[in-house]
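Novice: Pasting a predicted model and its sequence here:
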Amino acid sequence: MIRMLEAQRQPYMGHFATPERYFGNLDPEVAGSLIAASADVALVMDDAGVICDLAFGNEELLSHGYQNWIGKPWAELVTVESRPKVEDLLREANSGHKPRWRHINHSSADGADLPLSYSVISVARKNQSDVERHTVAIGRDLRSSVALQQRLVSAQLSMERDYWRLRHVETRYRLLFQLATEAVLIFDARSGKLEEANPAAYKVLGEEPRRTGWMLADSLDKAGALDYQVMVEEVRANGRAGNLRARLKSDGNELVISASLFRQDSSSHLMVRISSLESQNSEPVSNGKQLLLNVMERAPDAFVVTDLEGRILSANRAFLDLVQLTTEDLARNESLEKWLGRAGVDMNVLISNLRQGGTVRLFATTMRGELGSNSEVEISGVSVTVEPQPCLGFTIRDVGRRLTTDQRNTRELPRSPIQMTELVGRVPLRDIVRETTDLIEQLCIEAALELTKDNRASAAEMLGLSRQSLYVKLRRFGIGDAEAENQVQ
């Protein structure tokens, strides 16, 4: 009952109601242990702010040498911007103000500041003659909090960069979408209703797409609307479908329609491209394109066009000479793999890379001719999927003459890993390793002989070999005079 009455008389103010009842006769050793356990760092200072004693509740701080703070002013152990805070905390503690927490950064030898949150109180100890006062600073380690704040700031900066990058991408997309000469429409894949269309689409379809709830099938004739629905179902199932020819209901103009599926914001959309069949048929081949075709036909490098499976559709004269054929008809509908050096490997690698990246550059392999010739070649390829007939294009360059003229001296080591990797595919790995090892041994032996003025005994000692082993290697690499070796033996 007495305890209840005392608790009612002294309301809760953020500290103990009757500390004298529980801590009045507290042993100094116990009090020090309580302070050290409740803080990561505890500092005891005199009136001038000089550290007299300290304790670490965080053992990790002991490994940084902070126990050497004793005898030094607290203000000299912190960074420049934290010194005014230290002075404020000491002044408030001496004047009896209510303690508050302040963020203080300590200087560190490794260059990284130690962030601590301090609260300072003044304590008095009665002696026989007077009262001795000290200041106690309780510190909490803020490194984990600072690390989280830095991660938060980094995440915010990264989000802002991503946001602005997306804004730039959207701006470029809008510009291209509006300036494209091909009619492009975006539909909701589930309902089939129009979401967006560019000016070229209104030019082809008129003003009908501006009606609320308009769908492309509404503007097509009966047969075209049914075929369009079938194409949409195929796109939903497979992601793409073949081109569709349909007529407009209004003027009977025949259109070529293609569609593909894409996902954005957890929803599916259809991108439909429309072009007039009359404009496609009436568009002549420009002079520039005709010149390009003529140059490719007469180019010294082989050029071949295949379907998506690698079957040849067209090839120029240089390709026919490379594979030793007389006419293009003999190559048409044949797989390009028939003449590649590594059957079952090279063509699969080329097609796989083209499907993933769209282009392949300087793929090293060999080409076999019908009459038994073999040529070292480099193949560059491109995948063209936006045309009515998707295809693959390959440029094949004979590099056999280049390899012959650029062949390095047998006494010269490869100058870079790239030059070593150029041999991959042409020479087995075990041969590359063996020849490289032999070349290094030969160069080391020649260097040792040169340094020792052709003294075989000294050269063997320098290389860590016996003289007999050195003579065996000399005969193996054809270095020196065999008769001279026998005389030395």
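Specialist: It's in.
Novice: So what sits opposite the nearest residue in space to residue 244 that is not next to it in sequence in the bridge?
Specialist: In space, and not counting its chain neighbours, residue 244 is closest to residue 257: 4.5 Å by C-beta to C-beta, 6 or more residues apart in numbering. Where you see a C-beta, it was placed from the backbone N, CA and C, and this is true even at glycine. Judged by DSSP bridges, the bridge partners of residue 257 are residue 244, residue 274.
Novice: where do the helices sit along the stretch 101-250 of the chain?
Specialist: Here the stretch 101-250 of the chain has its helices, by DSSP state H, counting those that start in this stretch, at 143-179, 199-205, 222-238.
Novice: For residue 112, find the nearest of the ones you listed.
Specialist: helix 143-179 (9.0 Å; C-beta to C-beta).
Novice: returning to what we had before: pretty sure the residue nearest to residue 244 contacts residue 243?
Specialist: Yes: between residue 257 and residue 243 there is a contact under C-beta atoms under 8 Å: 6.8 Å.
Novice: More neighbours: the two, which one.
Specialist: residue 257 (21 against 13; other C-beta atoms under 10 Å).
Novice: so who does the more buried one touch?
Specialist: Residues in contact with residue 257 (C-beta atoms under 8 Å, 6 or more residues apart in numbering) are 216, 228, 231, 243, 244, 245, 246, 272, 273, 274.
Novice: Now do residue 180 against residue 146, distance only.
Specialist: Distance, residue 180 to residue 146, using C-beta to C-beta, to the nearest Å: 51 Å.
Novice: sorry, back to before: what's the most buried one of the helices of the stretch 101-250 of the chain?
Specialist: Greatest average neighbour count among the helices of the stretch 101-250 of the chain goes to helix 199-205 (a mean of 17), per mean count of other C-beta atoms under 10 Å.
Novice: so what's residue 360 bridging to?
Specialist: The partner residues for residue 360, given DSSP bridges, come to residue 381.
Novice: What does the pLDDT read for it?
Specialist: For residue 360, the model assigns a pLDDT of 85.
Novice: count of neighbours near it?
Specialist: Neighbour number of residue 360 under other C-beta under 10 Å is 21.
Novice: picking up where we left off before, let me have the helices of the stretch 101-250 of the chain in JSON lines, adding distance to residue 357 as columns.
Specialist: Formatted as JSON lines, those follow (distance: least, C-beta to C-beta, whole Å):
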{"stretch": "helix 143-179", "distance to residue 357": "20"}
{"stretch": "helix 199-205", "distance to residue 357": "30"}
{"stretch": "helix 222-238", "distance to residue 357": "22"}
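Novice: Same list (those) but as CSV, adding mean pLDDT and distance to residue 448.
Specialist: Converted to CSV, the helices of the stretch 101-250 of the chain look like this (pLDDT from 0 to 100; distance: least, C-beta to C-beta, whole Å):
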stretch, mean pLDDT, distance to residue 448
helix 143-179, 85, 56
helix 199-205, 84, 76
helix 222-238, 86, 68
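Novice: right, and those - which one's nearest residue 454?
Specialist: helix 143-179 (64.6 Å).
Novice: For the stretch 51-200 of the chain, give me the ranges with low pLDDT.
Specialist: 62-67, 109-111, 126-131 (pLDDT under 70).
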